[in-house]
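> Using only what follows, build the 3D model:
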Amino acid sequence: MKTKVLLALVAVVVLAACSTVSMTGRKQLNIVSESEILSASLTEYQSYMKTAKVSSDKNATAVVKNVAQRIAQAAESYLRTAGQGADVANYSWEFNLVDDKQLNAFCMPGGKIVVYTGMLKLIGNGKDRDDMLAAVIGHEVGHAIAKHGNERASQQLLAQLGSSVLGAAVANKSEKTQQAVAVAYGLGAQYGALLPFSRKQELEADYIGIVLATLAGYEANAAITLWEKMSTVSQSTTAEFMSTHPSSTTRIAQLKKDIPEVKKQLGL
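Take a look at the predicted model:
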């Protein structure tokens with residue numbers, strides 16, 4: 001009886017915590033409050049910036065800030081029009097270029113955007129520089145406004161809660177049964193729920209990124225060029241199925257499908 005009550009409580013929590021990503025309509029789990037996520041993210045960001053080496057290149061920094069500002073404005077405008085302006089009401093946007101060779105960028109929940117100089121070097125100074133940078137920043141902002149950080153934290157909490165409930169459910173079973181369930185649940189928690197969701201989040205952020213880049217006046221097809229460049233320097237030996245990030249080939253194929261649809265939806 002106790003186990004049934006616990007399972008029922010888990011079900012209630014999941015149903016009550018379901019929300020929808022405004023740009024894609026995907027249902028997601030958000031158990032952790034937005035205020036907690038924003039507070040924790042700000043703490044992490046401030047801690048990171050204390051040790052980060054901010055770039056002294058004024059021209060490159062200006063490029064990043066200009067593109068990031070336009071993407072942020074596009075995100076706010078879209079969400080307000082969709083009646084979801086509250087999602088970014090507590091955002092305080094900041095844009096930084098950090099001197100680091102890594103091919104990376106991120107946007108913390110709350111609007112703290114960081115681009116690494118390594119990413120700018122990969123992008124280069126061609127005519128599509130700003131368009132590719134918009135794809136990068138749009139993708140990272142996509143993670144933030146789609147509340148992927150909240151979703152991941154919620155998945156971790158649910159996995160922990162589910163493990164406890166499941167353990168109680170099989171406590172009186174044979175040792176072999178318990179071991180079998182432990183193995184099955186362990187595999188499911190790692191690959192059946194958490195990693196596939198992460199892959200979905202990456203592709204979803206790609207989609208949101210091209211929407212934002214297009215709304216901000218950039219050429220979305222530059223995202224394809226970006227991932228073609230990334231594929232030449234990011235040859236992972238990890239099987240795609242076991243990775244949290246889709247392969248460049250997968251992303252490019254999806255982008256080629258999504259970009260025409262996005263432009264059509266936006267009347268372009």
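> Contacts for the lengthiest helix in the chain, please.
Of all the segments of type helix in the chain, defined by DSSP state H, the longest one is helix 58-81. Under the contact criterion CB atoms under 8 Å, 6 or more residues apart in numbering, helix 58-81 has outside partners 22-23, 55, 85, 87-88, 91, 93, 95-97, 111, 113, 115, 117, 120, 129-130, 133-134, 137-138, 141, 145, 211-213, 215-218. For the C-beta atoms, the positions are set from N, CA and C on the backbone; glycine is no exception.
> Low-confidence bits of this structure, can you list those?
Scanning the chain with the threshold set as pLDDT under 70 gives 1-18, 21-22, 24-25, 28, 157-197, 234-245.
> how about the helices of it, start to end?
2-16, 34-51, 58-81, 117-123, 129-145, 148-169, 175-187, 195-215, 222-233, 248-265.
> Let's have those helices in a markdown table, adding distance to residue 102 and mean neighbour count.
What follows is these, written out as a markdown table (distance: least, CB to CB, whole Å; neighbours: other CB atoms under 10 Å):
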| stretch | distance to residue 102 | mean neighbour count |
| --- | --- | --- |
| helix 2-16 | 36 | 12 |
| helix 34-51 | 13 | 14 |
| helix 58-81 | 15 | 18 |
| helix 117-123 | 5 | 19 |
| helix 129-145 | 13 | 26 |
| helix 148-169 | 20 | 17 |
| helix 175-187 | 31 | 12 |
| helix 195-215 | 17 | 22 |
| helix 222-233 | 11 | 18 |
| helix 248-265 | 17 | 15 |
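> just so I know, which of those helices lies nearest residue 103?
With CB to CB as the criterion, residue 103 lies closest to helix 117-123 of these, at 5.1 Å.
> other SSEs contacting that closest one?
With contacts defined as 3 or more CB pairs under 8 Å, 6 or more residues apart in numbering; DSSP states H and E, helix 117-123 has these neighbours: helix 58-81, strand 94-98, helix 129-145, helix 222-233.
> for the ones you listed, which one sits closest to residue 250?
Of the helices and strands packed on helix 117-123, nearest to residue 250 by CB to CB is helix 222-233, at 9.5 Å.
> outside of the closest one, which residues touch it?
With CB under 8 Å, 6+ apart as the test, helix 222-233 has contacts from 103, 122-123, 128, 131-132, 134-136, 139, 206, 209-210, 213, 248-249, 251-252, 255-256, 259.
> what does stretch 249-256 give?
202-203, 206-207, 210, 223-224, 227-228, 231, 240, 246.
> any idea how far the residue lying closest to residue 85 once chain neighbours are set aside lies from residue 146?
Spatial nearest neighbour of residue 85, chain neighbours left out: residue 79 (5.3 Å); criterion: CB to CB, 6 or more residues apart in numbering. According to CB to CB, to the nearest Å, residue 79 stands 11 Å off from residue 146.
> what sits against the most centrally placed residue in the chain?
For the chain, the residue nearest the mean C-alpha position is residue 143 (3.0 Å; CA atoms, centre = their mean). Listed by CB under 8 Å, 6+ apart, the contact set of residue 143 reads 106-107, 149, 201, 205.
> and of these, the nearest to residue 27?
residue 201 (13.1 Å).
> which residues touch that closest one?
Taking CB under 8 Å, 6+ apart, one finds 143, 146, 148, 151-152 in contact with residue 201.
> cool, residue 105 as well?
Shown in contact with residue 105 (CB under 8 Å, 6+ apart): 113-116, 119, 136-137, 140.
> 7 Å - rerun?
114-116, 119, 136-137, 140 (CB atoms under 7 Å, 6 or more residues apart in numbering).
> what does residue 131 give?
218-219, 222.
> got TSV for those, with distance to residue 27 too?
Listed next are the contacts of residue 131 as TSV, based on distance: CB to CB, whole Å:
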residue	distance to residue 27
218	29
219	31
222	30
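> Can you tell me which of those is closest to residue 264?
Among the contacts of residue 131, and counting by CB to CB, the member closest to residue 264 is residue 219, at 15.4 Å.
> residues in contact with the closest one?
By CB under 7 Å, 6+ apart, the residues touching residue 219 are 128, 131.
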